[in-house]
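Engineer: sequence and predicted model, in that order:
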Protein chains: 2
Amino acid sequence: MSDPHAHRPAVVDLLGLVAFGQLLAFDRLAADARLAPDLRRRAVLSEMAAAEIGTFRRLAGRLAALGVPPEEAMAPYVEPLQAYHDSTEPKDWLEAVTKAYVGDGISDDFLREIAGGLDEPDRRLVLDVLHESRYAEFAAAEFRAALQADPRAANRLSMWARRLVGEALSQAGRVAAADRGALTALVAQGGRVDAQELFGRLTAVHTERMTAVGLNN
Amino acid sequence: MSDPHAHRPAVVDLLGLVAFGQLLAFDRLAADARLAPDLRRRAVLSEMAAAEIGTFRRLAGRLAALGVPPEEAMAPYVEPLQAYHDSTEPKDWLEAVTKAYVGDGISDDFLREIAGGLDEPDRRLVLDVLHESRYAEFAAAEFRAALQADPRAANRLSMWARRLVGEALSQAGRVAAADRGALTALVAQGGRVDAQELFGRLTAVHTERMTAVGLNN
């Protein structure tokens, strides 16, 4: 049987990774919303959580159309992504906002880099997963207010953000190791992108995002 | 200052109640999704949770348009609704599905009854909150499979459903007592609807829904 999708295994891996990432982000953001100091803020984090499900459904639909049960495509990523979230459970509202801000930012940058190596309709689908900018603006406003009330919070949140990035990189390493090589090949895009270089770029943009809200790397 | 909204206080109370009901249903369904035995089922319950947020946003928007901060309109209902959920935490997947099925059904019936007493655009808005029928169908399929595998589960789930209704009625009584009278007046619709009669109708339809999936009241 000839396979019309030359890149199919890599795409399936990628869509599975992104889909489970969204299902879990939904789960954790929904739980973190309980840390909100008031109903208005709680509603915003709940909305951020719910937004993950809309694109999750489209990814699951695309996997099904490719003939792969979504749960099968997601399975290899359950453990590392779960481990990331288990090791980075926010203890208060500002830690929860920081985690959403840092996680959304890095995941959006990663998806933008990856999308370049995909064919349509997957390219468009992955780009549609990107978060609405109003959520980053909401987080930025929360940081501004918090740092104005207590400038010492900057140090604590910066340390927390570093831990988030450290745990994310450690789990990304596990994902790459568990991977059958297809995903890594997709990231590398046939030599166009060097994984080391990619991590370097992601880190640089992350640092800019931290500085923009008064935190440091 | 003349108020163009003769029914405004009652509508604000009702929208506040429905909005907080959705925010909390989101929170609990999202948590209950973790009880799912596999990723496919987990995704369905997560989607059901996320659906609550879409209409929550519209209700919050309507409250803001009426000049009432949504959190202010929701405040009177935080305690009773929270108490309902705290006293009915599912211990396993089938209890979670039962809770979603029973809760969605009663809440939809209640909203349909209430909507008749509202003017547009609130009437339409409240009717849009009604749950998609595919979620009830999903629950029905879960019950069928569970009762086929173990017919004794019917007894346990029927008892659980009775407890859910009992707790809901008890908290509905608290809502009515805490209410400034406006909501109760709206439910009564100027004498068109008797609250006792309303409860009777809601219970009758609930019983039908239980029987339809092989559970008894």
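Structural biologist: Thanks, I have the structure now. Numbering: from 1, shown residues only, chains lettered A, B, ... in the order given.
Engineer: element containing A:Glu72, please.
Structural biologist: Per DSSP states H and E, A:Glu72 falls inside helix A:70-86.
Engineer: for that helix, packing partners?
Structural biologist: Packed against helix A:70-86, as judged by 3 or more C-beta pairs under 8 Å, 6 or more residues apart in numbering or on different chains; DSSP states H and E, are the following elements: helix A:8-32, helix A:39-65, helix A:153-178, helix B:39-65. Just so you know, the C-beta spots here come from the backbone N, C-alpha and C atoms, and that holds for glycine as well.
Engineer: adding mean pLDDT, mean neighbour count and distance to B:Ala141, write these out as TSV.
Structural biologist: As requested, the helices and strands packed on helix A:70-86 are exported to TSV (pLDDT from 0 to 100; neighbours: other C-beta atoms under 10 Å in any protein chain shown; distance: least, C-beta to C-beta, whole Å):
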stretch	mean pLDDT	mean neighbour count	distance to B:Ala141
helix A:8-32	89	23	21
helix A:39-65	93	21	18
helix A:153-178	85	16	33
helix B:39-65	93	21	10
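Engineer: could the ones you listed go into a markdown table alongside distance to A:Ala204?
Structural biologist: As requested, the helices and strands packed on helix A:70-86 are exported to a markdown table (distance: least, C-beta to C-beta, whole Å):
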| stretch | distance to A:Ala204 |
| --- | --- |
| helix A:8-32 | 22 |
| helix A:39-65 | 25 |
| helix A:153-178 | 12 |
| helix B:39-65 | 33 |
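Engineer: wait, which of the ones you listed is closest to A:Ala115?
Structural biologist: helix A:8-32 (9.7 Å; C-beta to C-beta).
Engineer: does chain B have contacts with that closest one?
Structural biologist: Yes: applying C-beta under 8 Å from any C-beta of the partner chain, one finds helix A:8-32 touching chain B at A:20, A:23, A:26-27, A:30-31.
Engineer: again, but for stretch A:46-64
Structural biologist: Yes: Stretch A:46-64 lies within reach of chain B by C-beta under 8 Å from any C-beta, at A:46-47, A:49-50, A:52-54, A:56-57, A:60.
Engineer: coming back round to it: need the residues of helix A:8-32 next to chain B in JSON lines (columns: distance to B:Ala136).
Structural biologist: Output for the residues of helix A:8-32 next to chain B, formatted as JSON lines (distance: C-beta to C-beta, whole Å):
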{"residue": "A:Phe20", "distance to B:Ala136": "27"}
{"residue": "A:Leu23", "distance to B:Ala136": "22"}
{"residue": "A:Phe26", "distance to B:Ala136": "22"}
{"residue": "A:Asp27", "distance to B:Ala136": "23"}
{"residue": "A:Ala30", "distance to B:Ala136": "22"}
{"residue": "A:Ala31", "distance to B:Ala136": "26"}
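Engineer: is the residue most central in space within chain A within a helix or a strand, and which one?
Structural biologist: For chain A, A:Ser107 is the residue whose C-alpha lies nearest the centre (C-alpha atoms, centre = their mean; 3.3 Å). Secondary structure assignment for A:Ser107, by DSSP H and E: helix A:93-115.
Engineer: repeat that for A:Arg144.
Structural biologist: helix A:133-149.
Engineer: show me which residues of that helix are buried.
Structural biologist: Under the neighbour-count criterion of 16 or more other C-beta atoms under 10 Å in any protein chain shown, helix A:133-149 has A:135-136, A:138-140, A:142-143, A:146-147 buried.
Engineer: residues from chain A in reach of chain B?
Structural biologist: So chain A meets chain B at A:20, A:23, A:26-27, A:30-31, A:33-34, A:38-40, A:42-43, A:46-47, A:49-50, A:52-54, A:56-57, A:60, A:69-71, A:74-75, A:78 (C-beta under 8 Å from any C-beta).
Engineer: switch to 7 Å and redo it
Structural biologist: Residues of chain A lying close to chain B by C-beta under 7 Å from any C-beta of the partner chain are A:23, A:26-27, A:30-31, A:33-34, A:38-40, A:43, A:46-47, A:49-50, A:53, A:56-57, A:60, A:71, A:74.
Engineer: does A:Glu120 belong to a helix, a strand or coil?
Structural biologist: coil (DSSP: H, G, I helix; E, B strand; the rest coil).
Engineer: can you count the residues close to it?
Structural biologist: Close neighbours of A:Glu120, defined as other C-beta atoms under 10 Å in any protein chain shown, add up to 7.
Engineer: and A:Val68, by the same measure?
Structural biologist: Other residues near A:Val68 number 20, with proximity taken as other C-beta under 10 Å.
Engineer: ok so, going back, please export the C-alpha coordinates of the helix holding A:Glu72 as PDB.
Structural biologist: Listed next in PDB are the C-alpha coordinates belonging to helix A:70-86 (Å, rounded to 0.1, in the frame of the first residue of the first chain):
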ATOM      1  CA  PRO A  70      -6.100  10.600  18.800                       C
ATOM      2  CA  GLU A  71      -5.400   8.700  22.000                       C
ATOM      3  CA  GLU A  72      -2.900   6.500  20.200                       C
ATOM      4  CA  ALA A  73      -1.100   9.500  18.800                       C
ATOM      5  CA  MET A  74      -1.100  11.200  22.300                       C
ATOM      6  CA  ALA A  75       0.000   8.200  24.300                       C
ATOM      7  CA  PRO A  76       3.800   8.600  24.000                       C
ATOM      8  CA  TYR A  77       3.600  12.100  25.500                       C
ATOM      9  CA  VAL A  78       1.400  11.400  28.500                       C
ATOM     10  CA  GLU A  79       4.200  10.600  30.800                       C
ATOM     11  CA  PRO A  80       6.700  13.500  30.100                       C
ATOM     12  CA  LEU A  81       4.000  16.200  29.900                       C
ATOM     13  CA  GLN A  82       2.300  14.900  33.100                       C
ATOM     14  CA  ALA A  83       5.700  14.900  34.800                       C
ATOM     15  CA  TYR A  84       6.300  18.500  33.700                       C
ATOM     16  CA  HIS A  85       3.000  19.600  35.200                       C
ATOM     17  CA  ASP A  86       3.400  17.500  38.400                       C
END
